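> pasted the sequence and its predicted model underneath.
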Amino acid sequence: MSVSPKDNALSEEELQELVAASDTGSRSPKGSIGTFLAIVAIIWAVFQIILASPLSNNILPGDLINNSRQIHLAFAIFLAFMAYPALKSSPRHYIPIADWIMAFAGSFIALYGFIFYEKIVASGGLADDVDKWVALAGLLLLFEAARRALGPAMAIIATIFLAYVFFGSSEWVPDVIRWKGASLKKAMSHMWITSEGVFGIALGVSTKFVFLFVLFGALLDKAGAGNYFIKMAFGALGHLRGGPAKAAVVGSAATGLISGSSIANVVTTGTFTIPLMKRVGFTSEKAGAVEVASSVNGQIMPPVMGAAAFLMVEYVGISYLEVITHAFLPAAISYIALVYIVHLEAVKTNMPTLGNRVVSMGRTIGGMAGFFIGFAALCYGVKYPVQWITSAFPENSGLLLSGLVGVAYIVLLWVASRVPDLEPDDPNAEKVELPVVAEIYKAGLYYLLPIVVLVYFLMIEQKSPGLSAFWATALLFVILLTQRPLKAMFRGGSEMVSAFKLGVGDLLEGMIDGSRNMIGIGLATATAGVIVGTVTLTGVGQVMADLVEFLSGGNLILMLVMVGLLSLILGMGLPTTANYIVVSSLMAGVVVELGAQSGLIVPLIAVHLFVFYFGIMADVTPPVGLASFAAAAVSGGDAIKTGFVAFFYSLRTIALPFVFIFNTDLLLIDVGFAKGILIFVISSIAILVFTAGTMGWFITKSRIYESIALVLIAFALFRPDFVMNKIQPPFETVAASQFEQALANAEPGQDLRVVVSGPDFDTGEIKDTTIVVSVKDEKSGTERLADTGLLLVPEGDIVKMDEPSFSSPFVKQLEGFDFYGDDPVQIKTISAPASQLPKELVFIPALLALVGVALLQRRRAEKIVPVSTTNQEASA
């Protein structure tokens, strides 16, 4: 069975041009100019590698390290003007003089703070007459570079924010956001000369962490890991019903390790997966939508997430290990749901399988689960021999461990040399022979070594992301240089020198690809710094908070919907990283504050992940949805329809952020190992039930009431606390005057929720906020009250408050109150823990209801399909 692609499907060359135009720049001049640009890209990669290395302080001068952000941006601006044409009609094979001028001027101005460092330090970071004009020119060149690399939206939004800095006092600016405005000197000092704007946290994260991870992905792909992952996925899943689509999901999850670009993921895996999906009966739009949904979600899959994950480390103030721990469960169940969506699509239309091999679904799932569990156990288990070696040989442990990794690499490479190298398959061939896992898995086991090293340093040693990526990248350097000659030697060949030259070429191409992939990210983080700088300079963030609170009427769910819509709208023109920076800078604190006013304590990481999830959805959502357009270009389908189908498939990605805002167990916050396993199992069931409910198919086609029941069951499994709280309230109200007694009665580990009411410092209006007082040790009520740092002034039944002591953990939360106004700040109510049955008991009736729906549907399915046919299909 074959389906010929439509005439409007793009050729392989056109697809690569599409990826280049969006990710790496579509201009590739030949000859000496092309060589010069390649050398610049390689120098950038070498600089970043040395910067991340443990020997950077010994190799690089201190000035270079201190001003690494300036150097990073200088490379990005230079290569942007070289690689990205100004207009669609601009030349692709040579670089106009104007672009050379802007490239060198932009690079010089980016390095201005480095070149004139002593002058800037002497002036205290304040711009003089020369500085302000140089900085303004730098901003204009940065915006133009961003327009070329990222599209016009990023430059337009940054320009609007910059205009607000200068003209915020104008009459045409609404009163609610009007401010006094800033002079050119002050604005340029803030935006360019200091580290508050362009050279702020975002660009610092791009410099320290993101480059190495992007380079790691580019080198891993150049080594051949991408093709290996895809073949393994197709070998494991390709023969199941809807197998090509299931393989596309798993393959895209794996290639998410390699590429942080959803568009590149779509084109890389989609050129193979989409034609095969169409062969088994998926329409062009559904085939493209499956690839879009799975490729976009590659950015949320730990351990290597998008650049936004590294920004969370800085913005939230937690380690990268904690970020990926919190992000793991939602990402995992999101992919589980997508595989199930594909399965239901295949069952609904009775799709055929590819090939003639009979594969057991249960054995396949068991085998894949065993592989991932084994891989995780390997990553975790290596710490024990490593600890023994480091304690037994403290002085030479580094060399010894490096030698052991080298031995493991040589052994695995020898195993790989025993089987043929994997070649990309032709999905449009008349007869498709899907690979057999047992025959091909040996060919790429050594690709897992750099990933094991990365995960080990990140999660076991808990080193910095930059250092972890450095060691993994260093191993990839060795692999790229030696895999070809060593394989040739193991196979008895004599072409060692030519094989080594090919390896050097692969390494250099990987470094060039990594640098070119970083152009857009470097410019996005720098340009987003202008928006963040505007927020810090003007205080518009607080105004936006008040505006959003007014529009939402204080309703947290409505406000979350508004934040999600803002992310989607901005994401239509911004890359995920820039979108995350903008929305989190404006809204993250607002959601936390409004949640506290509503009595809900929302962890900051939950809000940042909420924004991140909606930011990546913008790559899917019409009318812009760049990933959907890329998938349509591969499939030959309609881009808008592909986007809408992908959006429907991604409903679980939209639902999950709302769930984990209210149920932080999904983020594994303060969850032990045993409870974490239970949450994973129940959450997996819940997302499958939710998927079945929204797809209108469970065991057979669902009736309306069954779909509603399935969605409600999923809600009960995701939010057992909501149901239990309706049966038994978790807190009982205590009088404010009994605060000390309530602290004395609380058990260690319990929390008291205290609602504080008083005048707002800025507006004078009375507002409420909720603080959580955690009881930790066995102490008296007086001692526990002293530990809070809250200064109380009881007056009968009213308990007034003075400004908390500097050592109080609640200084930040209460700083918005006016403790010296006419109206007092006081404790309004106290909620103490009440005895409540475990919320997990809600799982029992929910699962029983699920069994009831399943029995109803099975009885109906048996009447429709003969038992013999059912058994045959089950075996397939």
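Structure received. All values reported here derive from a predicted model rather than from experimental measurement.
> which elements pack onto the strand or helix carrying Gln387?
Element membership of Gln387, judged by DSSP states H and E, is helix 383-392. With contacts defined as 3 or more CB pairs under 8 Å, 6 or more residues apart in numbering; DSSP states H and E, helix 383-392 has these neighbours: helix 397-417. Backbone N, C-alpha and C define where each C-beta goes, glycine included.
> what residues of the helix it packs on count as buried?
Ser397, Leu401, Val405, Tyr409, Leu412, Leu413, Trp414, Ala416, Ser417 (16 or more other CB atoms under 10 Å).
> one more: stretch 222-234?
Across stretch 222-234, burial judged by 16+ other CB under 10 Å covers 222-234.
> ok, back up a step: how far is the helix holding Gln387 from where the chain is centred?
Relative to the chain's own centre, helix 383-392 is displaced by 33 Å; criterion: CA atoms, centre = their mean, to the nearest Å.
> what lies in contact with that helix?
Outside helix 383-392, the residues that touch it by CB atoms under 8 Å, 6 or more residues apart in numbering are Ser397, Leu400, Leu401, Leu404, Tyr456, Ile460, Glu461.
> redo that, cut-off 10 Å
With CB atoms under 10 Å, 6 or more residues apart in numbering as the test, helix 383-392 has contacts from Asn396, Ser397, Gly398, Leu400, Leu401, Leu404, Tyr456, Met459, Ile460, Glu461.
> the fifth one reaches Pro394, doesn't it?
So that's Leu401. No: counting by CB atoms under 10 Å, Leu401 stays clear of Pro394, with 12.0 Å between them.
> before we move on, back to that, turn the contacts of helix 383-392 into TSV, columns for distance to Ala630 and pLDDT.
Shown next, in TSV, are these (distance: CB to CB, whole Å; pLDDT from 0 to 100):
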residue	distance to Ala630	pLDDT
Asn396	50	82
Ser397	47	81
Gly398	44	82
Leu400	47	89
Leu401	42	87
Leu404	42	91
Tyr456	34	85
Met459	32	78
Ile460	37	79
Glu461	37	81
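> of these, which pair is most distant in space?
Largest separation among the contacts of helix 383-392 by CB to CB: Asn396 and Met459, giving 25.0 Å.
> ranges for the strands of the stretch 651-800 of the chain?
Along the stretch 651-800 of the chain, counting by DSSP state E, counting those that start in this stretch, strands occupy 731-734, 751-759, 766-774, 791-795, 798-802.
> Pro61: which of these is closest?
strand 766-774 (46.9 Å).
> what are the buried residues along the closest one?
By 16+ other CB under 10 Å, the buried positions in strand 766-774 come out as Lys767, Thr769, Thr770, Ile771, Val773.
> with stretch 474-483 instead?
For stretch 474-483, burial by neighbour count (16+ other CB under 10 Å) applies to Ala474, Leu475, Leu476, Val478, Ile479, Leu480, Thr482, Gln483.
> same question for stretch 140-152.
Quick answer for stretch 140-152 (16+ other CB under 10 Å): Leu140, Leu141, Leu142, Phe143, Glu144, Ala145, Ala146, Arg147, Arg148, Ala149, Leu150, Gly151.
> surely the fifth one touches Met102?
Okay, so that is Glu144. Yes: applying CB under 10 Å, one finds Glu144 in contact with Met102, separated by 6.9 Å.
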